[in-house]
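Asks: dropping the sequence and predicted coords here.
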Amino acid sequence: MQQNIRITKEQIETLRPFIPKIDEYLKSMDIDAFLREIDDAEIGELDDNYNETPTSRTIRKLYIEISEQN
């Protein structure tokens, strides 16, 4: 069942480079599926040894914020 995902415009714009289909996903996914997309984006920004990077930390912060908002 789809629900409205509470997310700010700023959060959307920050995630857009990492989730190009974000607008489509926000219309068609529930919060759990959308959080999995954010998680995948974070994993894609880890370094070659799967360590955090500044970008992956930013994405993780957004994951937490969006999770708490919903």
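Replies: In hand now; what should we look at? Numbering: from 1, shown residues only.
Asks: which other helices and strands contact the longest helix along the chain?
Replies: Identified as the longest helix of the chain according to DSSP state H is helix 54-69. Packed against helix 54-69 by the contact rule (3 or more Cβ pairs under 8 Å, 6 or more residues apart in numbering; DSSP states H and E) you find helix 9-15, helix 31-44. For the C-beta atoms, the positions are set from N, CA and C on the backbone; glycine is no exception.
Asks: flag every buried residue along the longest one.
Replies: Of all the residues in helix 31-44, those buried under the rule 16 or more other Cβ atoms under 10 Å are Ile31, Phe34, Leu35, Glu37, Ile38, Ala41, Glu42.
Asks: next: stretch 42-59.
Replies: Glu42, Glu45, Thr55, Ser56, Ile59.
Asks: now for the residues you listed: which two are most distant?
Replies: The most widely separated members of the buried residues of stretch 42-59, counting by Cβ to Cβ, are Glu42 and Thr55 (8.6 Å).
Asks: mean pLDDT per helix and strand in this protein: which one sits at the bottom?
Replies: helix 22-28 (a mean of 94; mean pLDDT, DSSP states H and E).
Asks: which single one of the buried residues of stretch 42-59 is nearest to Pro17?
Replies: Thr55 (9.3 Å).
Asks: mind listing what that closest one touches?
Replies: Applying Cβ atoms under 8 Å, 6 or more residues apart in numbering to Thr55 gives the contacts Phe18, Glu45.
Asks: how close does it sit to Tyr25?
Replies: Shown here: Thr55 relative to Tyr25, a distance of 19 Å by Cβ to Cβ, to the nearest Å.
Asks: again, but for Asn4
Replies: 13 Å.
Asks: so between the two, which is more surrounded?
Replies: Taking neighbours as other Cβ atoms under 10 Å, Asn4 and Tyr25 compare with Tyr25 leading, 16 against 10.
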